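> This is a predicted model, with the sequence first.
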Amino acid sequence: MFDARRKSGATKTAAHAQSMKPPCDEAVVRSVQADRPCTDRARRWILAATILGSSMAFIDSTVVNVALPALQASLHATVVSVQWVIESYGLFLAALILVGGSLGDLFGRRAIFLLGVGIFAAASIACGFASNIQQLVIARSIQGIGAAFLVPGSLSIISANFDEKTRGPAIGTWSGFTAITAAIGPVLGGWLIEHASWRWAFFINVPLAAGVIAISLWHIPESRNANASHVDWWGALFTTLGLAGVVYGLIESTSLGWSHTMDLGSLIAGVAGLIGFVFVENRASSPMVSLTLFASSSFSGANLLTLFLYAAIGMFFFLFPMNLIQVQGYTTTATGAAALPLILLMFFLSRWSGGFVARYGPRIPLTIGPLIAATGFALFAVPGVGTGYWKGFFPAFVVLGFGMAISVAPLTTVVMSSAGQDHAGAASGINNAVARVAGVLAIAILGIVMMQFFSSSLNRSLMGESLPAGVLKYVQLNEIKLAGLDLPAGLDADKTALIRKSISHAFVFGFRAIMLICAGLSLASAAIASLMIPPKTA
């Protein structure tokens with residue numbers, strides 16, 4: 001499968017983004033006491049609904065990213081537009097996921113869960129029928145809002161309906177099925193794109209949503225948190241505007257330039273929004289993010305580690321499918337299956353790595369894990385154009401997967417233990433949100449770096465060639481498409497092959513630089529663990 005190449009010179013891009021769950025999903029479930037344990041008869045239906053609901057969000061984040069090559073060609077999108085397809089969804093999900101949990105506690109967990117499913121499904125239909133990139137980005141933003149209600153809703157429903165005795169098996173079942181979803185999602189997406197259309201990456205959500213809604217209405221009891229008082233709307237507003245301003249300014253700087261009024265104003269407004277968020281949270285009676293938790297060195301260290309490590313993971317999964325599809329010539333199905341070693345290693349080794357904390361404490365695995373992950377990222381910088389999967393990419397995936405498997409379970413343990421039982425739910429939710437914000441910021445920031453490396457390498461390569469001035473100018477104006485750059489019609493075969501070769505090598509040059517930066521981020525995570533994570537949990 002992995003050596004199957006497209007013979008046509010299809011100029012496609014893909015972004016796999018983050019194909020695995022962020023940390024602390026299971027911790028969110030464990031940290032809340034059941035206020036309405038369900039009957040034996042209802043348990044299977046509740047698990048079915050929450051698994052389908054969570055899987056819908058996981059499938060979307062993987063299938064949609066594999067679909068990006070086809071939609072880029074169909075909608076004539078640049079890499080900046082491709083970034084927005086990913087970022088618009090991730091931005092609203094990251095900014096509002098804590099609000100989604102609060103709304104469920106206040107107005108009813110089932111009600112908010114169903115609202116999220118409905119919004120997500122409606123937005124998925126809008127995505128599938130989008131006729132241009134602007135419509136798609138707007139619909140993806142709405143999808144992110146739906147996911148911000150859906151994801152915490154599925155976790156809180158499990159928390160509310162399973163007591164301590166039944167919660168462990170329930171979490172195991174939920175985790176197992178969602179892990180399977182993470183594995184098959186990219187493969188399914190690749191197959192659908194090859195044999196149907198990129199639009200099915202969105203339409204696939206509709207039957208899943210219908211099943212979730214039907215099961216939820218008939219079998220899931222409503223539950224609320226009697227102690228919930230209000231939602232931190234000001235915190236939600238400031239964090240959304242702050243992240244949106246910063247991300248917009250970073251992404252659009254590639255096309256507008258740093259000195260452009262819109263770009264500079266967006267960055268200033270974004271930074272002001274994030275400062276305002278800290279100010280509001282510090283004075284709120286029931287803040288979305290309790291800043292007092294960060295007084296704990298281990299909690300601050302765990303979240304800083306998460307920020308760096310998941311920034312590296314987020315950027316890797318954004319660029320890697322572009323490399324396979326556009327440069328190496330892999331099919332979308334093979335590209336979707338490429339990350340299976342990493343996902344399977346994390347699934348099978350998570351319980352084993354969780355035992356490290358009891359035996360050695362959290363500092364050692366949280367130092368060793370990111371160090372191994374850094375080695376994996378560095379290995380991805382080795383393959384060049386035309387390198388086979390098994391020789392070039394498979395070993396790197398195994399090493400990266402092993403490093404992440406060692407890191408994630410101890411990270412969850414540190415987050416839970418550093419905040420205390422009374423605040424474990426809030427701590428887990430914050431860490432989960434930090435992982436999502438990390439991916440959003442990484443794609444925005446490192447996307448600029450990738451563009452600069454690609455542009456400089458491509459220009460150096462083509463400057464010494466005898467190309468018509470108009471052709472060279474055309475390539476320079478369209479290099480924002482990276483390896484998806486379309487060449488002008490009428491070029492002879494030799495010049496076409498020359499430019500294509502230069503584009504491929506320029507992309508690999510930039511990809512290698514980004515992989516080394518990701519390795520550096522992982523090394524920084526290891527350093528943070530050695531300095532801020534305690535040798536033993538409390």
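Noted; the coordinates are in hand. Residues are numbered from 1 along each chain as shown.
> Please make it C-alpha for all contacts and neighbour counts, starting now.
Fine.
> Could you pull out the helices in the stretch 301-450 of the chain for me?
With DSSP state H, counting those that start in this stretch, the ranges of helices along the stretch 301-450 of the chain come out as 332-337, 340-360, 363-380, 394-419, 424-463.
> Next, the angle helix 340-360 makes with the third one.
Going back to what we said before, that points to helix 363-380. Using axes from the mean of the first three to the mean of the last three Cα atoms, to 10 degrees, one finds that helix 363-380 and helix 340-360 are set 160 degrees apart in direction.
> so for helix 363-380, what's the average pLDDT?
For helix 363-380, the mean per-residue pLDDT is 95.
> Mind listing residues that contact it?
309, 356-357, 392-393, 395-407, 410-411, 512, 515-516, 518-523, 525-527, 529-530, 533-536 (Cα atoms under 8 Å, 6 or more residues apart in numbering).
> switch to 7 Å and redo it
The contact list for helix 363-380 (Cα atoms under 7 Å, 6 or more residues apart in numbering) reads 356, 393, 396-397, 399-400, 403-404, 406-407, 410-411, 515-516, 518-520, 522-523, 525-527, 529-530, 533-535.
> Same question for the shortest one.
For helix 332-337, the surrounding residues in contact (Cα under 7 Å, 6+ apart) are Met1, Phe2, Val66, Pro186, Val187, Gly190, Trp191, Glu194, Pro321, Leu324, Ile325.
> Quick one: buried ones out of these?
Phe2, Val66, Pro186, Val187, Gly190, Trp191, Pro321, Leu324, Ile325 (16 or more other Cα atoms under 10 Å).
> With respect to Gly386, which of those is nearest?
Closest approach between the buried ones among the contacts of helix 332-337 and Gly386, by Cα to Cα: Leu324, at 9.6 Å.
> OK, contacts around that closest one?
Tyr330, Thr335.
> again, but for Ala94
By Cα under 7 Å, 6+ apart, the contact list for Ala94 reads Ala433, Arg436, Val437.
> Helix or strand for it, just tell me which one.
Secondary structure from DSSP states H and E places Ala94 in helix 79-107.
> which helices and strands sit right next to the helix or strand following that helix?
As assigned by DSSP H and E, the chain's next helix or strand after helix 79-107 is helix 109-128. Helices and strands touching helix 109-128, by 3 or more Cα pairs under 7 Å, 6 or more residues apart in numbering; DSSP states H and E, are helix 133-161, helix 200-203, helix 205-219.
> again, only using 10 Å
Applying 3 or more Cα pairs under 10 Å, 6 or more residues apart in numbering; DSSP states H and E, we find helix 109-128 packed against helix 40-75, helix 79-107, helix 133-161, helix 200-203, helix 205-219.
> Relative to the whole chain's centre, how far out is that helix?
Centroid separation for helix 109-128 versus its chain: 19 Å, with Cα atoms, centre = their mean, to the nearest Å.
> JSON lines for the helices and strands packed on helix 109-128, including distance to Gly484 and mean pLDDT?
Listed next are these as JSON lines, based on distance: least, Cα to Cα, whole Å; pLDDT from 0 to 100:
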{"stretch": "helix 40-75", "distance to Gly484": "8", "mean pLDDT": "78"}
{"stretch": "helix 79-107", "distance to Gly484": "8", "mean pLDDT": "86"}
{"stretch": "helix 133-161", "distance to Gly484": "16", "mean pLDDT": "87"}
{"stretch": "helix 200-203", "distance to Gly484": "20", "mean pLDDT": "86"}
{"stretch": "helix 205-219", "distance to Gly484": "28", "mean pLDDT": "90"}
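> count of neighbours near Leu458?
Using other Cα atoms under 10 Å, Leu458 is surrounded by 24 other residues.
> Just give me the lowest mean pLDDT stretch among the helices of the stretch 301-450 of the chain.
Taking the mean pLDDT of the helices of the stretch 301-450 of the chain, helix 340-360 comes last: a mean of 79.
> Give me the angle between it and helix 394-419.
Orientation of helix 340-360 against helix 394-419 (the same axes, to 10 degrees) gives an angle of 40 degrees.
> Need the three-state assignment for the spatially closest residue to Glu281 that is not a sequence neighbour.
Excluding the flanking residues, the one nearest Glu281 by Cα to Cα, 6 or more residues apart in numbering is Pro287, at 5.2 Å. Three-state assignment for Pro287 (DSSP: H, G, I helix; E, B strand; the rest coil): coil.
> Look up how far Val434 lies from Pro287.
Noted for Pro287: a distance of 16 Å to Val434, by Cα to Cα, to the nearest Å.
> Quick check, Ile180 in contact with Leu344.
Yes. Taking contacts as Cα atoms under 10 Å, Ile180 lies within contact range of Leu344: 8.8 Å.
> Neighbour count: Pro287 and Val434, which is higher?
A count of neighbours by other Cα under 10 Å puts Val434 above the other of Pro287 and Val434, at 24 against 18.
> my read: the more buried one touches Leu307, true?
Yes. Counting by Cα under 10 Å, Val434 does reach Leu307; the two are 6.1 Å apart.
> Going by neighbour count, which residues in stretch 44-56 are buried?
Residues of stretch 44-56 classed as buried under the neighbour-count rule (16+ other Cα under 10 Å) are Trp45, Ile46, Leu47, Ala48, Ala49, Thr50, Ile51, Leu52, Gly53, Ser54, Ser55, Met56.
> Could you give me the buried positions within stretch 198-212?
Those would be Trp198, Arg199, Trp200, Ala201, Phe202, Phe203, Ile204, Asn205, Val206, Leu208, Ala209, Val212, for stretch 198-212 by 16+ other Cα under 10 Å.
> circling back: got JSON lines for the contacts of helix 332-337, with distance to Thr496 too?
Formatted as JSON lines, these follow (distance: Cα to Cα, whole Å):
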{"residue": "Met1", "distance to Thr496": "28"}
{"residue": "Phe2", "distance to Thr496": "26"}
{"residue": "Val66", "distance to Thr496": "27"}
{"residue": "Pro186", "distance to Thr496": "32"}
{"residue": "Val187", "distance to Thr496": "32"}
{"residue": "Gly190", "distance to Thr496": "28"}
{"residue": "Trp191", "distance to Thr496": "30"}
{"residue": "Glu194", "distance to Thr496": "25"}
{"residue": "Pro321", "distance to Thr496": "23"}
{"residue": "Leu324", "distance to Thr496": "20"}
{"residue": "Ile325", "distance to Thr496": "19"}
